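Q: using only what follows, build the 3D model:
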Amino acid sequence: MKNIVYFDLETQKSADDVGGWGNSRLMGMSVGVTYSTAAGAYRIYGEREVNELIEELRRADLVVGFNIAHFDYAVLQGHNEFFDGAQVPTLDLLEDLKKTLSHRLSLDAIATASLGIEKTADGMQALRWFKEGKLLEIAEYCCYDVKVTKLVHEFGQANKQLFYTNKFGAKLSVPVKW
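A: Have a look, this model is predicted:
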């Protein structure tokens, strides 16, 4: 059985805290979450377990996430300089969609239009929770984002398209080849 690992992480610091998005490796992981299709389970990683998270990603047949290639992997590399996301078989849903649309979409815009579900929070809320020591809230939010990513991926596989709402409120579709 092919092991697809769905993945997301939240950070300790914002882009402003580290001098811009180009320094995302300095943001630090607060919580990382995976869902493994082989195990049929979620796994939550704290900062001290970042190397175990990296090993799970390296062992996967495919890692699926949203904006992971340029963001989440850079954050992980800040914890382990030997981690190279380019060596991990990855489907970054955002990067794949940008090839077709030539602009960025949010996971929330796709999930709302395709599945009728919305995210429960956002990255800025997760940063506030981190400063308040509320790691459980971050873990719950991150688990939900992983589930949304999984559902969006499965919807795209089954229907060969995703839906999104543009800035004018029109519901549009974008073909996918997953």
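
Q: so which helix or strand of this protein has the lowest pLDDT on average?
A: Among the helices and strands of the chain, helix 123-131 carries the lowest confidence by mean pLDDT, DSSP states H and E, at a mean of 91.

Q: how far off centre is that helix?
A: Centroid separation between helix 123-131 and its chain, computed with Cα atoms, centre = their mean, to the nearest Å, is 16 Å.

Q: buried set for it?
A: When neighbours are counted by 16 or more other Cβ atoms under 10 Å, the buried residues of helix 123-131 are found to be Gln125, Ala126, Leu127, Trp129, Phe130. For the C-beta atoms, the positions are set from N, CA and C on the backbone; glycine is no exception.

Q: one more: stretch 140-151?
A: Glu140, Tyr141, Cys142, Cys143, Tyr144, Asp145, Val146, Lys147, Val148, Thr149, Lys150.

Q: now, among the residues you listed, which is nearest to Met1?
A: Proximity of the buried residues of stretch 140-151 to Met1 was ranked by Cβ to Cβ; the top entry is Lys150 with 15.8 Å.

Q: what segments of this structure are helices?
A: Under the criterion DSSP state H, the chain carries helices at the ranges 50-59, 73-79, 93-101, 107-115, 123-131, 135-159.

Q: Serialize these to JSON lines and add fields for distance to Tyr35.
A: Formatted as JSON lines, the helices of the chain follow (distance: least, Cβ to Cβ, whole Å):
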{"stretch": "helix 50-59", "distance to Tyr35": "11"}
{"stretch": "helix 73-79", "distance to Tyr35": "17"}
{"stretch": "helix 93-101", "distance to Tyr35": "14"}
{"stretch": "helix 107-115", "distance to Tyr35": "15"}
{"stretch": "helix 123-131", "distance to Tyr35": "18"}
{"stretch": "helix 135-159", "distance to Tyr35": "5"}
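
Q: so which of these is nearest Ile44?
A: Nearest to Ile44, of all the helices of the chain, is helix 135-159, at 4.8 Å by Cβ to Cβ.

Q: got a list of contacts for that closest one?
A: In this structure, residues lying in contact with helix 135-159 by Cβ atoms under 8 Å, 6 or more residues apart in numbering are 6-10, 30-35, 42, 44, 46, 64-66, 91, 93, 107, 110-111, 114-115, 117, 119-121, 125-126, 129-130, 162, 176, 178.

Q: got the angle between that helix and helix 107-115?
A: 50 degrees (axes from the mean of the first three to the mean of the last three Cα atoms, to 10 degrees).
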